[in-house]
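Participant: Build me a model from this:
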Amino acid sequence: MTDTKLGTAELLFRCAQRMGLNPSWLPACDVFAMTVHGKEQYVSLARSPLNSDASTALAKNKYVTRRILERHNLANIPFTLARTQSEAAAFLDHHETIVAKPITGAGAQDIHIITEPSQLTALQVDQYILEKYIAGKELRFLVLHNKVVGVHRSEYGTSVAQDRPLQRISYPRSDWDPALVALSQRITRILDLGFATVDYLVDDSGQAHVLEVNTMPGLKWFHAPSSGPVVDIAHLFLESIVNKAHSEQHLARSPVMPNSSPIYMELAGLAA
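Facilitator: Numbering: from 1, shown residues only. Okay, the predicted model is just below:
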């Protein structure tokens with residue numbers, strides 16, 4: 001059986017079948033149920049159960065993500081949240097070419113490359129984050145439990161604003177940039193994400209800029225890259241959910257042992 005070009009939903013569902021998790025779709029929902037250690041668990045395509053609601057919300061809002069990166073002096077792209085057309089026009093005048101993205105958008109939907117003030121008038125600018133346009137190659141680092149498990153280069157063709165053939169070239173581990181591996185791990189730790197991709201733009205000088213953080217990325221290109229090694233991320237993802245459920249059940253069944261707490265042991269030693 002091949003997983004070539006299957007979408008994320010079908011990849012996860014088929015993988016759950018192979019793992020003996022008895023998956024079944026909830027009608028009219030992008031959610032399926034599966035049985036883990038005798039208990040029903042749910043997998044949603046909108047949100048990873050490996051990330052908390054708070055962490056997901058932080059990363060989903062592109063402006064908030066940028067502000068957090070800024071606070072940690074990480075490799076950001078110049079950005080603004082313009083409240084008026086005049087503020088947006090001033091940002092464009094300063095950077096000459098900018099990109100407008102929905103603040104909470106996903107994928108490559110509703111993205112605009114802006115070179116003229118007249119293009120801004122068609123947008124409700126306070127619903128978009130504006131970023132300086134930077135040309136370069138795009139790299140995607142897939143992080144699971146603070147470990148990078150896959151790296152891709154994305155080839156989009158001539159414009160991010162148009163539908164275009166997409167190629168994803170998967171890199172062997174020997175070609176991974178150690179600095180970007182470490183940065184990806186740091187970013188997911190800061191945002192407290194168990195599962196995410198961190199995307200970078202690397203300009204002609206070799207400088208990397210964080211493009212975005214995605215908490216529930218598409219999986220098909222890891223299973224079927226245009227070239228390079230395959231990453232069975234569907235199995236790794238579901239395996240992590242199974243292990244998380246197992247750990248939670250184990251903790252729930254474990255008796256509370258207050259006398260074994262560090263502070264109790266310290267006090268007991270002093271009393272002796």
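Participant: Show me which helix or strand of the chain is least confident by mean pLDDT.
Facilitator: helix 262-271 (a mean of 40; mean pLDDT, DSSP states H and E).
Participant: Would you map the strands across the stretch 51-200 of the chain?
Facilitator: 79-80, 98-102, 112-114, 128-132, 137-144, 147-155, 167-170, 195-202 (DSSP state E, counting those that start in this stretch).
Participant: What about residue 57, how many residues nearby?
Facilitator: 14 (other Cβ atoms under 10 Å). Heads up, the C-betas are built off the backbone N, CA and C, glycines and all.
Participant: Just grab the bridge partners of the closest residue to residue 109 other than its chain neighbours for me.
Facilitator: Among residues not flanking residue 109 along the chain, residue 102 sits closest, at 7.3 Å (Cβ to Cβ, 6 or more residues apart in numbering). Residues in a beta bridge with residue 102, per DSSP bridges, are residue 128.
Participant: Now do the domain split for this structure, please.
Facilitator: 1-46, 50-76+135-236, 79-132 (automatic domain parsing).
Participant: closest to residue 244 out of the ones you listed?
Facilitator: Closest of the domains of the chain to residue 244 is domain 50-76+135-236, at 7.0 Å (criterion: Cβ to Cβ).
Participant: from the middle of its chain, how far away would that closest one be?
Facilitator: 6 Å (Cα atoms, centre = their mean, to the nearest Å).
Participant: Please name whichever of the strands of the stretch 51-200 of the chain is nearest to residue 122.
Facilitator: That would be, of these and by Cβ to Cβ, strand 112-114, which comes in at 8.4 Å.
Participant: Give me the buried positions along the closest one.
Facilitator: 112, 114 (16 or more other Cβ atoms under 10 Å).
Participant: Let me know the average pLDDT across that strand.
Facilitator: For strand 112-114, mean pLDDT is 94.
Participant: Which residues does stretch 193-204 contact?
Facilitator: 48, 50-51, 55, 59, 75, 77, 134-146, 154, 180, 183-184, 187-188, 208-217, 237, 240 (Cβ atoms under 8 Å, 6 or more residues apart in numbering).
Participant: What mean pLDDT does that stretch get?
Facilitator: The model assigns stretch 193-204 a mean pLDDT of 96.
Participant: Same question for that stretch: list its buried residues.
Facilitator: 193, 194, 195, 196, 197, 198, 199, 200, 201, 202.
Participant: Perfect, that will be all.
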